[in-house]
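1. Sequence and predicted model, in that order:
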Amino acid sequence: MSFISWSYALLLLVVFFTYWRLPWRGRIWLLLAASYVFYGCWDGRFLALLLTSTTVDFFCGLAIAGERRPVTHVAATAAVPFLWLGAYTLFRQQGAMVEHWILAAAAGFPVFFAVLYQWLWRLPADRQRRAFMLLSILTNFGVLGFFKYFNFFAGSALALAEHLGWSPGWLLPHVILPVGISFYTFQSISYAVDIFKDKAQPARDPVVFAAYLSFFPQLVAGPIERPNDLLPQFHRAAVWDTANFHRGLKLILIGLFKKVFVGDNCALVANYAFAPGVSLDAPWAILGTVAFAFQIYGDFSGYTDIARGSARLLGIHLNHNFNFPYFATSPSDFWRRWHITLSSWFRDYVYIPLGGNRGTVARMCFNLWLTMLLAGLWHGANWTFIIWGAYHGALLIFYRLTPGLEKFSQSSGWRAVLAMLAMFAFTLVGWAIFRCATFGDFIHWFGALGKWRSAEEILWWRPAIWVLCHALPLLALQFATWKARDEVENTAWPWTIRGLAYAAMFLAVATSSAGTVAFIYFQF
Amino acid sequence: MPRLIQPSFLLCLLVLAAAEIFLHCTLSPLAVAAFQYGHHPDSGFQETADGMVHLAPGPMRDFFEQTFSRERRPGVFRVFTLGNSVEYWDAVGSHILSNTYPARVAEELNRRGIRAESINLGVTGYGTVRNEILLRKALGYAPNLIIFKLDVTNEYLEKTTAERARAFKSLWPQDWLWKSYLIQTGFKLKETRLLEHTLFSVIRWTAPGYTTGKKEARPAVKLPFDETSRRALDECLQLAREHGVPVLLVTQAFNQRDITGHLQIIDYGLSEFAATRCGHGVAMLSLLQLLGTLPIEETFTDQVHLARPTHQIVARAIADAVERQMHPEAGK
């Protein structure tokens, strides 16, 4: 179910009006049901995967905290994913191709987990906690790794073998990527690790934990929440606050504006510039990349705003994910502003455990580069994403190692503007890598930067006006909210101006039916 | 405790409501009819009591102004041409009916002794889907021949306008916003004032059905239409057969530079596609074949539109085809 659909609006309305009439326990059940309906609308079979993560992480979380549940309890809960899958496939056939045995194995894993659970409790006490944490991490990485990367790595290996003259003739099983798997598995991993590090307390109620892990506004594309931020909000009944209600509605309106008005309209130009076979010249290569920069920002930050606004209507606060990323003055600054919950996840759970800044300069560079490489791989099973991660890793290393750059990027006045422009240019190169389907396409794009004179039939400056018409209102909105230090409105403006601004934004969204464009980050 | 309804939110609602009411009071029925984006079957056709039909230029169906009798006069070979801007413009920036090939077809036939009248139903931006609606109307006026232009450049507009027209008429809650005059007007303004001037040439080349950009020598797709257009065309041909009216499919040609920078004429496989539909009252004329040997710079005024002399060449080729294949039908 997409946020840009009437079915989502209906779901949110029903949940909103029911939610505030229910006691705490009822709200949790309502959120859980709504989340599963939200996710199941895409493909109900894959709820079994979500249930698998939920089951394993719930009991692992408790075990890491030293709490053991009765075997009957574990076994009964562990059967739920498999029973769900069985019941679903019995009553409903789904079109999307995936081998049945793969899903059955994933849904049946918790049954094996129930046996493992009993066995791990026999380990010495000092090793139990670590074992349960590793089990949780491996389960989540196992699910993520198989469903997201199997096709890529197995396909690449097969292609390499065939290139070397060996044709094993294997038929690879068909695996499709479940929506949101990268997000909820990362949230699960941070849950287990934070409990292990005594930074968080486990959920003791399976329904609360299931609602926490599957909370529908942030289930399929984040923000990736930490247990200490989100879980406590599920442990107590939210209190109605009219300010939250207002803020939620405004966030949703801004999110729709970013997604539908900015992102989808800029996509029209970006799709053309990056279409296979198009012969680019420099102005088109730059224009296409600028359009994509605004498309991906509008798309993803718009999604995040709608997610945060929806949660806010229910009295639940989700973390920021963006902080004016194109105003960044350095690579480090960019990653503090872009997809904040993911970059902080990689910082806390990959970079720091690898050693972080400690150790030699070479070691720090390796840690940085490996972290960014993995962050690139997280975005998708494609070499261009890996190269994109490596590129940003290289930028970060260059920034750290070059004397004077840090000081320059932190200066003010014209130096800050220059640093901002330079960082935006580097970001654009990154987006070109990100957007190209293959590395060959990127080489083609890069080569076009040298072609300033060509006999293009389609003039670049007309579409550039289109991009400007959609990007400038976004920049104006960002400037106004940045100046006011408030993410949804400039309270210094008179209420009349704000009212007219809302009306203009609504009209901009409603008259921007460029065609429904799926959220980019859904595929990750 | 803040108020549930903030003054700014209330003002926003009031402004939107006032604008909606204002448009309801001021928009003419013609402008409101335009919200159907040419999907209203009678839009642009004005039948009078004296048995005549006037084609009136208007929003979303900007016909050439023409008048013809509802009933075909005996002995007259009546031709309707359904197309797009190529038929509407005799050259880019100039639209004089008598210079367009549909009008010249009648001249050519008359010169050859076949009494003919030709009605040009070409509308800028139209594609197969909206031409199907026009065809249903045209078949009611007893044509002897339908010239049906096949093109692939208007599919994006066809889709979005079809969706808006459907939503405007729909009673489903998800379409309620599109019943608003304010939103329809805003959408139309954005489309005609901004999109068509800045982006039209881009989106038409990345419309569904294309796998390539503007400069590839040969598209990978054999069937250039998307599923909707193909279905619409098949329905058109079936409809014409049921009425016993022959159809001449004219496939559009385009000029583009190949990877070495040389101009060439291509048609995105339209001729091959049209050939699969020929037979049983359907013939075709490939502009790729007809114009392929001519100097490109003199044949086109831009990538798609034909130069004025080219209209004459096309008209002559159509008259040849009529004389050769369809003459026995003349006057019936």
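-> Alright, I've got the coordinates.

2. what's the neighbour count on A:Thr329?
-> When neighbours are defined as other Cβ atoms under 10 Å in any protein chain shown, A:Thr329 has 23 of them. Where C-beta positions appear, they are placed from N, C-alpha and C, glycine not excepted.

3. Tell me where the model's unsure across chain A.
-> Chain A contains residues with pLDDT under 70 at A:93-99, A:168-172, A:277, A:453-458, A:513-524.

4. Get me the contact residues on it for chain B.
-> Counting by Cβ under 8 Å from any Cβ of the partner chain, the residues of chain A close to chain B are A:6, A:242-243, A:245-246, A:249, A:268-269, A:271-272, A:275-279, A:455, A:457-458, A:462-463, A:465-466, A:469, A:495-496, A:498-500, A:502-503, A:506-507, A:510-515.

5. Would you mind checking those residues for buried ones?
-> In terms of neighbour count (16 or more other Cβ atoms under 10 Å in any protein chain shown), the buried residues within the residues of chain A next to chain B are A:245-246, A:249, A:268-269, A:271-272, A:275, A:277-279, A:458, A:463, A:466, A:469, A:498-500, A:502-503, A:506-507, A:510-514.

6. Closest to the centroid, which residue in the chain?
-> You didn't pick a chain, so chain A it is. A:Ala221 (4.1 Å; Cα atoms, centre = their mean).

7. oops, chain B please
-> Of the residues in chain B (compared using Cα atoms, centre = their mean), B:Tyr126 is nearest the centre, at 2.7 Å.

8. Contact partners for the nearest residue to A:Pro227 once chain neighbours are set aside?
-> Once flanking residues are discounted, A:Pro227 sits nearest to A:Ala200: 4.0 Å by Cβ to Cβ, 6 or more residues apart in numbering or on different chains. Neighbour list for A:Ala200: A:Tyr191, A:Asp194, A:Arg226, A:Pro227, A:Asn228, A:Leu231 [criterion: Cβ atoms under 8 Å, 6 or more residues apart in numbering or on different chains].

9. repeat for B:Glu108
-> When contacts are counted by Cβ under 8 Å, 6+ apart, B:Glu108 touches B:Ala315, B:Arg316, B:Ile318, B:Ala319.

10. Local confidence estimate at it?
-> Among the per-residue scores, B:Glu108 holds a pLDDT of 93.

11. Check the contacts of B:Glu108 against A:Cys436 and report the nearest one.
-> Out of those, the one with the shortest distance to A:Cys436 is B:Ile318. That distance is 45.4 Å, counting by Cβ to Cβ.

12. May I see the domains of chain A written out as residue ranges?
-> Chain A breaks down into these structural domains: A:6-235, A:243-329+A:455-523 (assignment by automatic domain parsing).

13. Can you name the residue of the stretch 251-400 of chain A nearest to chain B?
-> A:Val278 (3.0 Å; Cβ to the nearest Cβ).

14. Can you tell me the closest non-neighbouring residue to residue 304?
-> Picking chain A for this. Nearest-residue entry for A:Thr304: A:Asn321, 4.3 Å, with adjacent residues in sequence omitted and distances by Cβ to Cβ, 6+ apart.

15. that answer is for a different chain, and I need it for chain B
-> The spatially closest residue to B:Val304, leaving aside those adjacent along the chain, is B:Phe254, at 5.7 Å (Cβ to Cβ, 6+ apart).

16. Would you mind measuring from the one you found to B:Ala307?
-> As judged by Cβ to Cβ, to the nearest Å, B:Phe254 and B:Ala307 stand 14 Å apart.

17. Give me the more crowded residue out of those two.
-> A side-by-side neighbour count of B:Phe254 and B:Ala307, using other Cβ under 10 Å, places B:Phe254 first with 21 against 18.

18. Could you pull up the residues touching the residue lying closest to A:Asn357 once chain neighbours are set aside?
-> Among residues not flanking A:Asn357 along the chain, A:Met364 sits closest, at 5.3 Å (Cβ to Cβ, 6+ apart). Remark: with contacts taken as Cβ under 8 Å, 6+ apart, A:Met364 is in contact with A:Gly355, A:Gly356, A:Asn357, A:Arg358, A:Arg400.

19. Now do the helices in the stretch 151-300 of chain B.
-> With DSSP state H, counting those that start in this stretch applied, the stretch 151-300 of chain B shows helices at B:155-169, B:181-189, B:196-198, B:200-205, B:227-242, B:270-275, B:287-291, B:296-299, listed in chain order.

20. circling back to that earlier point, can you tell me the SS state at the residue nearest to A:Thr304?
-> Under DSSP: H, G, I helix; E, B strand; the rest coil, the three-state class of A:Asn321 is coil.

21. Wait, it touches A:Thr341, no?
-> Yes: using Cβ atoms under 8 Å, A:Asn321 is in contact with A:Thr341, at 5.5 Å.

22. for the longest helix along chain A, packing partners?
-> Of all the segments of type helix in chain A, defined by DSSP state H, the longest one is helix A:125-163. In this structure, helix A:125-163 packs against helix A:47-64, helix A:100-120, helix A:181-196, with contacts taken as 3 or more Cβ pairs under 8 Å, 6 or more residues apart in numbering or on different chains; DSSP states H and E.

23. and the second one with helix A:47-64, angle?
-> In other words, helix A:100-120. 10 degrees (axes from the mean of the first three to the mean of the last three Cα atoms, to 10 degrees).

24. buried set for helix A:100-120?
-> Buried, per 16+ other Cβ under 10 Å, within helix A:100-120: A:102-104, A:106-111, A:113-114, A:116-117, A:120.

25. Contacts only, for A:Ala464.
-> If a contact means Cβ under 8 Å, 6+ apart, then A:Ala464 has A:Leu287 as its contacts.

26. State the helix or strand in which it lies.
-> Using DSSP states H and E, A:Ala464 falls within helix A:461-484.

27. Quick check: what element follows that helix along the chain?
-> Along the chain past helix A:461-484, the next helix or strand (assigned with DSSP H and E) turns out to be helix A:495-510.

28. what angle do that next one and helix A:461-484 make?
-> Our comparison of helix A:495-510 with helix A:461-484, counting by the same axes, to 10 degrees, yields an angle of 140 degrees.

29. Now do helix A:495-510 against helix B:181-189: the angle between them, please.
-> Comparing the axes of helix A:495-510 and helix B:181-189 via the same axes, to 10 degrees yields an angle of 60 degrees.

30. chain center to helix A:495-510: distance?
-> Chain-centre distance of helix A:495-510: 29 Å, with Cα atoms, centre = their mean, to the nearest Å.

31. cool, stretch A:281-293 as well?
-> Shown here is stretch A:281-293, whose average C-alpha point lies 25 Å from the average C-alpha point of the whole chain (Cα atoms, centre = their mean).

32. how much space between A:His339 and B:Lys149?
-> As judged by Cβ to Cβ, A:His339 and B:Lys149 stand 48 Å apart.

33. cool, A:Thr360 as well?
-> 71 Å.

34. So if I had to pick from those two, which one is more boxed in?
-> Counting neighbours by other Cβ under 10 Å for A:Thr360 and for B:Lys149 shows that B:Lys149 has the greater number, 23 against 9.

35. which residues touch the more buried one?
-> Contacts for B:Lys149 were tallied using Cβ under 8 Å, 6+ apart; they are B:Thr81, B:Leu82, B:Gly83, B:Asn84, B:Val86, B:Glu87, B:Gly122, B:Asn131, B:Leu249, B:Val250, B:Gln252.
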